[in-house]
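Visitor: Give me coordinates for this.
(one chain, ligands or ions: 1)
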Amino acid sequence: MCAIVGVFGSTEASRVAYYSLFAMQHRGQEATGICSSDGKKLSKVKKKGLVTEVFDEEALGHLVGDMAIGHNRYSTAGSKSVIDAQPIYANYKLGEIAVAHNGNLINGENIKKMLIDEGAIFQSDMDTENIIHLIARSHKEHLKDRIIEALGVIKGAYCLVIQGRNKIFAIRDRYGVRPFALGQLEDGGYIVSSETCAFDLVGAKFIRDVRPGEMIIFDKAKEGFESIQLFEPDPRICAFEYIYFARPDSVIEGKSVYAVRQEMGRAMARENPIDADLVIPVPDSGVSAALGYAKQSGIPFEMGIVRNHYVGRTFIEPTQARRDMKVKLKLSPINSLLKGKKIVVIDDSLVRGTTAKRIIKILKDSGAKEVHMCITSPTIEHPCKYGIDTPSYKELISANKSVEEVRAYIKADSLSFLTIKSLVKSIGDERKYSLVSFDGNYFIK
Ligand code: AMP
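Guide: Numbers count the residues shown, from 1 in each chain. A predicted model of the protein is given here:
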């Protein structure tokens, strides 16, 4: 997961990076950081916490220059210390450098072992540190060639922004697994970011997506930007970005995430018609798809469950005797709406089954007559190794139980999933997707 942004040639570079990271807070809440450059030196601020907690006027005042890169971290494995925050910064033979990465390397452990055997010292648990080491150890004369050499070693899903004193490099792996878009700012500067929702906030005009296998170079010594197709493209954008991860107001590879989610809901209604009184979403993840289901089926849409958005990090665990409170603090039913009704509940995905089980209990406790759970993605049977945080086989309920066994576990009256074919058709079957969580096809070798 994670969000990255690069801003080049803008009078307000660090501020634009800040707002972009704010717009992409959903991609990671663990830590955030910005590194800027004024052409002479790099300045950096990174810390654990949310974007609005980490940056204030003083921090932004410190981040001088017309170039900046930034990162929101969603911690997956490893420690959660500040040292695992990005951008990663280093001083090496050619000067200062900073790197921010979204995605996951599949050979990170091997590279790390090789580098440590050769005497390298690591400061973090992040596979991103490998990239900076490889760049620093290259014998090439120019940063660009050092980066290209490093990219020849790493394998996996990655979008990268790499900043030197005078340049920013934006790179996307040849499969384009994670999204990455290019835009132009009102002041003439450029922006690259994980999602286009950042462009809307900072007033940037979308130019195009960064191409799979492409390196874009922004250089103070040159007008515009340079594009190099480094690797043969084999696009397989991650289907899970459309299903769950991206914000609904983002557009990925020409497709509105909101429209795609509605289409997934419509497909579910076509394939799985249910005689029901109401369609309700699991807030907030099921909202767009539930609207699609309601429109297609003609069954009224209602927000039957309300979510309290203020259940945050300072949450005090309820006592054992009040353990039911934990769920109720976050999700609260509208009893008068639900009593005696046959309900279709829509959520985007089922991972461990915890959410579905809780929601169904809430609805049944409110007097719902029937609860039909519709999941607008296929069964998740494999962990994603390309940047989506999914648990191991042991914890993935659909890797261990049949649909009927899962239905019995979550205590639903019925349980349906979208087929892989319908998922692909809902996004657009004119191209390929990364579907690893569903089909176990780990295509990056
Ligand atoms: P679970 O409760 O474990 O079955 O997880 C399913 C719920 O978590 C759904 O409401 C999803 O919207 C949400 N979800 C799915 N994938 C992720 C993820 N990678 N990180 C956080 N939440 C997720």
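
Visitor: how deep is residue 333 tucked in, by neighbour count?
Guide: Counted by other CB atoms under 10 Å, the residues lying close to residue 333 total 21. The way it works is simple: take the backbone N, C-alpha and C, and place the C-beta from them, glycine included.

Visitor: Okay, and the beta partners of it?
Guide: On the basis of DSSP bridges, residue 333 is bridged to residue 305.

Visitor: Report the contact partners of residue 235.
Guide: Neighbour list for residue 235: 175-176, 212, 253, 431-432 [criterion: CB atoms under 8 Å, 6 or more residues apart in numbering].

Visitor: Any regions of the stretch 251-400 of the chain where pLDDT drops low?
Guide: Along the stretch 251-400 of the chain, the parts satisfying pLDDT under 70 run over 312-324, 326-327.

Visitor: Tell me which entries of the contacts of residue 235 lie within strands.
Guide: Counting by DSSP state E, no part of those is found in strands.

Visitor: Redo the residues you listed as CSV? Include neighbour count.
Guide: Below are the contacts of residue 235 laid out as CSV (neighbours: other CB atoms under 10 Å):
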residue, neighbour count
175, 25
176, 25
212, 21
253, 17
431, 11
432, 14
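
Visitor: need those residues in CSV with distance to residue 345, can you?
Guide: Formatted as CSV, the contacts of residue 235 follow (distance: CB to CB, whole Å):
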residue, distance to residue 345
175, 34
176, 33
212, 36
253, 30
431, 31
432, 31
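
Visitor: Also near the ligand: which of those, exactly?
Guide: Among these, none lies close to the ligand by the criterion of CB under 6 Å from any ligand atom.

Visitor: Looking at those, which one is closest to residue 270?
Guide: Residue 270 has its nearest neighbour among the contacts of residue 235 in residue 431, at 22.2 Å by CB to CB.

Visitor: For the closest one, which non-adjacent residue is spatially closest?
Guide: Spatial nearest neighbour of residue 431, chain neighbours left out: residue 235 (6.1 Å); criterion: CB to CB, 6 or more residues apart in numbering.

Visitor: Could you do residue 239 as well?
Guide: Per CB to CB, 6+ apart, closest to residue 239 is residue 433, 4.4 Å.

Visitor: OK, contacts around residue 225?
Guide: Contact partners of residue 225, counting by CB under 8 Å, 6+ apart, are 8, 190, 216-219.

Visitor: Does anything pack onto the strand or helix carrying residue 168? Which helices or strands?
Guide: Taking DSSP states H and E as the definition, residue 168 sits inside strand 167-172. If you count contacts as 3 or more CB pairs under 8 Å, 6 or more residues apart in numbering; DSSP states H and E, strand 167-172 packs onto strand 3-8, helix 143-151, strand 156-163, strand 214-219.

Visitor: could you redo the last one with a cut-off of 10 Å?
Guide: strand 3-8, strand 67-73, strand 95-105, helix 143-151, strand 156-163, strand 190-193, strand 214-219, strand 226-229 (3 or more CB pairs under 10 Å, 6 or more residues apart in numbering; DSSP states H and E).

Visitor: packing partners for whichever helix or strand comes after the last one?
Guide: The one in question is strand 226-229. Sequence order places strand 237-238 as the next helix or strand after strand 226-229, per DSSP H and E. Helices and strands touching strand 237-238, by 3+ CB pairs under 10 Å, 6+ apart, are strand 433-434.

Visitor: Tell me the strands beside the strand it packs on, with direction?
Guide: Strand 433-434 has these strand partners (DSSP bridges): strand 237-238 (parallel).

Visitor: so how far is the strand it pairs with off the chain centroid?
Guide: Relative to its chain's centre, strand 237-238 lies at 11 Å (CA atoms, centre = their mean, to the nearest Å).

Visitor: Tell me which residues are up against whichever helix or strand comes after that strand.
Guide: Elements were assigned by DSSP H and E; along the chain past strand 237-238, the next helix or strand is helix 239-240. For helix 239-240, contacts defined as CB atoms under 10 Å, 6 or more residues apart in numbering pick out 1, 177, 245-246, 260, 348-349, 377-378, 380, 384, 386-388, 390, 420, 423-424, 426-427, 432-438.

Visitor: Mind checking which of the residues you listed are in strands?
Guide: Under the assignment DSSP E, these contribute 433-434 to strands.

Visitor: and residue 374, how many residues sit next to it?
Guide: Residue 374, neighbours per other CB under 10 Å, totals 26.

Visitor: The one 5 residues further on too?
Guide: Residue crowding around residue 379 was assessed by other CB under 10 Å; the count is 22.

Visitor: contacting residues for it?
Guide: 349-350, 396-399, 401-403, 406, 417-420, 437-438.

Visitor: are any of those buried, and which?
Guide: Among the contacts of residue 379, those classed as buried by 16 or more other CB atoms under 10 Å are 349-350, 396-399, 406, 417-418, 420, 437-438.

Visitor: And the residue of the stretch 1-150 of the chain closest to the ligand?
Guide: residue 1 (7.0 Å; CB to the nearest ligand atom).

Visitor: who are the neighbours in contact with the residue nearest to residue 239?
Guide: 175, 177, 235-242, 420, 423-424, 427, 439.

Visitor: Then residue 33?
Guide: Residue 33 makes contacts with 17, 21, 44-48, 51, 54-55, 69-73, 82, 85-89, 98, 100, as judged by CB under 10 Å, 6+ apart.

Visitor: what's the following helix or strand after the one helix or strand it maps to?
Guide: Using DSSP H and E, residue 33 sits within strand 31-37. Once the chain leaves strand 31-37, the next helix or strand it forms, by DSSP H and E, is strand 42-48.

Visitor: starting at the chain centroid, how far to that next one?
Guide: Relative to its chain's centre, strand 42-48 lies at 21 Å (CA atoms, centre = their mean).

Visitor: same deal with stretch 110-120?
Guide: A distance of 29 Å separates the centroid of the chain from that of stretch 110-120, by CA atoms, centre = their mean.

Visitor: ok, residue 272 - how many residues close by?
Guide: Residues within reach of residue 272, counting by other CB under 10 Å, total 17.

Visitor: State the distance from it to the ligand.
Guide: From residue 272 across to the ligand, the span is 18 Å (CB to the nearest ligand atom, to the nearest Å).

Visitor: so what's that residue up against?
Guide: 293, 297, 344, 372, 374, 414, 416-418, 422.

Visitor: So among the residues you listed, which ones count as buried?
Guide: The neighbour count (16+ other CB under 10 Å) marks 293, 297, 344, 372, 374, 416-418, 422 as buried among the contacts of residue 272.

Visitor: Cross these against helices and list the overlap.
Guide: Mapping those onto helices (DSSP state H) picks out 293, 297, 422.
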